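In: show me how the following folds:
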Amino acid sequence: MRFAPYKKINKIIEEQTFEPTLSWGLRMGIAAMVPLIWGISTNNLAAASWITLTAECICWVELKGSFGQRFRVLTGGILLALIFTLLGTITANNLLFSILVMLGVGFLSGLFKNLGDRGSGLAICVYVLFIMSNALPADSVADLKERLILTTIGGFWNMVVGLAATLIIPAQEPYRRTIALIWKANAGLVKSISRGWDGKSLRSNIRKIYEEEKAVRQAIDSSLHFYEAMAHQVSRQDNEEYQLAQLRKATSLVAAHTVAISDELESVRVNEVPPELRLRLFAFLRALEDTLERMAVYVILVKPEEELLLSSRMAKLGKSILLLKEYPLTANNHVSTGVKRVIQLAERILRLIDASVNRLERFQNELPIYRSYSLLKTLFVLHPKHLLRNLKLLFDLNTFTFRYAFRIAIGATIALGIYKWFRIDHGFWLPFTVMIVAQPYFGATFRKALDRVIGTVAGGLVGGVLIQLPAHLYLKELMLFACFICMVYFIRKQYALAAFFITVSLVLLFDVEETINPTLILIRALSTIGGACIAILIGFALLPSWDRKWLPIHISSAVACNYQYFLRTFFSDTHHSWTRNKRSAESKNSNAFDSFTRYMQEPAIGRKVYIPFYQLITHNVRITRELNNINLEEDNKETEAANPLPAADLQKIYDCLAWFNRNIEALKTLNPGEGTAVQLAEHLKPAVSAMTLSQHLYLDKLLIELKSMHQDLSDLKGNNDHGLISS
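Out: Predicted structure coming up:
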């Protein structure tokens, strides 16, 4: 027990290696506290408050990606801060203009929030500075100029703090960090697969393994979001970028091989495996998990001592694979077949890891960013093409994005109108809460509203107690600094705790300014509750995105994407990267799975249909896996000779095509808007050579899944005919 605190601290340090939220919180604390301390020492708290507010708002943007991406984000934050501080101030004394501009601000913020983590941070710059400027009108043009100057100072101060930490890190570390997160997710997937093979714990179910697989997919998508160029798109002349793109591809292939191992073990019952073989399998899986975790750390740090630790893990993994190979597999049954296949996949994973380590050796003496960027390269990061690209991405509207942005705009406008019409003291917390709580889906909005209310009420009570303590002023500042760090640390881990620390920090901040009173704490709590109620109401009543409508569309899109993946695998005679098709299919499957999860949580009248939807998603996921495995085997064929495809294999491929066509036609009952055109066998000619034994097995499994999917679609059609599926 005495080692528990040490283990907890060690775990936090390890987490910071991959997701440095503490350094982000430290950046937030420095950016907010330094102007505040200056204001206290010089008796300029009003000016310091605007500098602190601007710096804190922009600081909510997590700095990820390359130096150029970070610099552009910080510059964009300054521009947004100036524009919306100006808009909020000049409309402050006019209710009609305030409401009209709030409608546009809310819509734009909704678009930003829909762009992911960095977009959410920029949304805070937009709506917080507009609402605060609108709540505190300037008395004259001179006051307006002073406010804009203070906002500019706050923005540039935050840039100084942000870039100070960025410039000293190795130039390619941000790219490597995104790849390390994929390795870490791979380790989590193996850990889930290994459960139950020790003979003590229960085996992970299909859902749990798929959730870990989805975490790998999300890590890959996140890396591609920041570094879009894939392995086949990067020239060898761009040496470092080429090596990292190849490393990311190898990491993705490790994930594909790991999922293939999971598929092989899924069909094997633990009690059918001899105890000695079972323990050897468990030892292999644990060794693989340890190796992947160590690899994740090495990808970020790239230090010789880390390479030494990784080498020992790889040696242990090699020995565990050798022990598996030495086990006498005499019986010709599905257990022996599965274990032989696991050994083959394990050896490939070890080769991929070894090749990845070799690629990383060139990064051991990498220069920091400030020595890697010339003046010309630094200026180029603000090239207008980046602005145009980001604007195009921001206004790439679809039905779903428009609904969410419009919903959040209406809710924030109603909240602002209520607060200004009734002149509620500090009532700006109403639109604040609406903007923060409103989420794309009703279930997520309700959960965030609950967390927000609990955190706010608890934080108000604790903050009220803290300001009554006979503490020295500097102790309060230290507590305020700690709150800045904690609210960032918990913002994605546990939102209720983040809201708690945000509220405590605001209570302490008001107390430092000597404007605190119990009424403000009560108003803050009531405004939060009111804003949360408005967010829930608009999520339920105003253009809601119910998954009982979207789930069939997501499933239809996922099946159609697998259909295209199948056609490109067997009938495309042009060169294509199958990993792109893999990524697209897995992303569609993930959308369908997430939609099903939300569908189960939605309020409904009457009975819901669960099982056919779940089974349909499961079969579709397995179809993607079988196509992945077939392509993996194609990449690993030992012979270059293209032997002709036997007639029996040709017939089996055409059988799969026929069942795919039936399923595409059946989808139109589930989703009348499905417009995928079926491809007839007489118009297609297979572009594959003779298949390996493993590919035969995967093709057989693919055919079974397609037939099962057709039965699921028939069941859903029956439920639809009886009115159990609402549109």
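In: and residue 614, how far is that from residue 194?
Out: 25 Å (C-beta to C-beta, to the nearest Å). Bear in mind the C-beta positions are built from the backbone N, C-alpha and C, glycine included.
In: pick out whichever of these two has more residues nearby.
Out: The neighbour comparison of residue 614 against residue 194 (other C-beta atoms under 10 Å) goes to residue 194, with 22 against 17.
In: apart from its neighbours in sequence, what residue is nearest the more buried one?
Out: Sequence neighbours aside, residue 285 is the residue nearest to residue 194 in space, at 3.7 Å (criterion: C-beta to C-beta, 6 or more residues apart in numbering).
In: spatially nearest residue to residue 101, not counting backbone neighbours?
Out: In space, residue 101 is closest to residue 91, 5.1 Å off (C-beta to C-beta, 6+ apart).
In: wait, residue 531 touches residue 430, no?
Out: Yes - the pair residue 531 and residue 430 passes the contact test of C-beta atoms under 8 Å, sitting 4.7 Å apart.
In: list residues touching both of those two?
Out: Counting by C-beta atoms under 8 Å, 6 or more residues apart in numbering, the shared contacts of residue 531 and residue 430 are residue 415.
In: how does the chain divide into domains?
Out: Structurally, the chain divides into domains by automatic domain parsing as follows: 14-170+375-392, 173-366, 397-542, 547-635+643-721.
In: what's the least confident stretch among those?
Out: Lowest mean pLDDT within these: domain 397-542, a mean of 84.
In: and the helix or strand where residue 698 lies, what does it pack onto?
Out: Using DSSP states H and E, residue 698 maps to helix 693-721. When contacts are defined as 3 or more C-beta pairs under 8 Å, 6 or more residues apart in numbering; DSSP states H and E, helix 693-721 sits against helix 611-635, helix 647-670.
In: that helix to helix 611-635, inter-axis angle?
Out: Helix 693-721 runs at 160 degrees relative to helix 611-635, counting by axes from the mean of the first three to the mean of the last three C-alpha atoms, to 10 degrees.
In: can you give me the buried ones in helix 693-721?
Out: 694-695, 697-699, 701-703, 705-706, 708-710, 712-713, 715-716, 719-720 (16 or more other C-beta atoms under 10 Å).
In: cool, and stretch 337-350?
Out: 337-339, 341-350.
In: restricting to C-alpha, output that stretch in PDB.
Out: Extracted C-alpha coordinates of stretch 337-350, given in PDB (Å, rounded to 0.1, in the frame of the first residue of the first chain):
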ATOM      1  CA  THR A 337      -4.500 -24.000 -37.600                       C
ATOM      2  CA  GLY A 338      -5.300 -20.900 -35.500                       C
ATOM      3  CA  VAL A 339      -2.000 -21.100 -33.500                       C
ATOM      4  CA  LYS A 340       0.100 -21.600 -36.700                       C
ATOM      5  CA  ARG A 341      -1.600 -18.500 -38.100                       C
ATOM      6  CA  VAL A 342      -0.900 -16.500 -34.900                       C
ATOM      7  CA  ILE A 343       2.800 -17.500 -35.100                       C
ATOM      8  CA  GLN A 344       3.000 -16.300 -38.700                       C
ATOM      9  CA  LEU A 345       1.300 -12.900 -37.900                       C
ATOM     10  CA  ALA A 346       3.500 -12.500 -34.800                       C
ATOM     11  CA  GLU A 347       6.700 -12.900 -36.800                       C
ATOM     12  CA  ARG A 348       5.500 -10.300 -39.200                       C
ATOM     13  CA  ILE A 349       4.800  -7.900 -36.300                       C
ATOM     14  CA  LEU A 350       8.300  -8.400 -34.900                       C
END
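In: wait, what's in contact with the spatially most central residue of the chain?
Out: In the chain, the C-alpha nearest the mean C-alpha coordinate belongs to residue 218, at 5.3 Å (C-alpha atoms, centre = their mean). Listed by C-beta under 8 Å, 6+ apart, the contact partners of residue 218 are 185, 590.
In: and the buried residues of stretch 337-350 as TSV, adding distance to residue 32 and secondary structure?
Out: Formatted as TSV, the buried residues of stretch 337-350 follow (distance: C-beta to C-beta, whole Å; DSSP: H, G, I helix; E, B strand; the rest coil):
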residue	distance to residue 32	secondary structure
337	61	helix
338	57	helix
339	58	helix
341	56	helix
342	53	helix
343	56	helix
344	55	helix
345	50	helix
346	50	helix
347	53	helix
348	50	helix
349	46	helix
350	48	helix
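In: same list (the residues you listed) but as JSON lines, adding distance to residue 206.
Out: Below are the buried residues of stretch 337-350 laid out as JSON lines (distance: C-beta to C-beta, whole Å):
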{"residue": "337", "distance to residue 206": "21"}
{"residue": "338", "distance to residue 206": "17"}
{"residue": "339", "distance to residue 206": "21"}
{"residue": "341", "distance to residue 206": "19"}
{"residue": "342", "distance to residue 206": "18"}
{"residue": "343", "distance to residue 206": "24"}
{"residue": "344", "distance to residue 206": "23"}
{"residue": "345", "distance to residue 206": "19"}
{"residue": "346", "distance to residue 206": "22"}
{"residue": "347", "distance to residue 206": "26"}
{"residue": "348", "distance to residue 206": "24"}
{"residue": "349", "distance to residue 206": "22"}
{"residue": "350", "distance to residue 206": "27"}
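In: OK, contacts around residue 52?
Out: Residue 52 touches 31-33, 35-36, 39, 154, counting by C-beta under 8 Å, 6+ apart.
In: do that again at 7 Å, thanks
Out: If a contact means C-beta atoms under 7 Å, 6 or more residues apart in numbering, then residue 52 has 32, 35-36, 154 as its contacts.
In: host element of it?
Out: Going by DSSP H and E, residue 52 is part of helix 45-59.
In: who are the packing partners of the next helix or strand after that helix?
Out: Moving toward the C-terminus from helix 45-59, the next helix or strand (DSSP H and E) is helix 67-90. Helix 67-90 sits against helix 45-59, helix 117-135, helix 141-166, with contacts defined as 3 or more C-beta pairs under 7 Å, 6 or more residues apart in numbering; DSSP states H and E.
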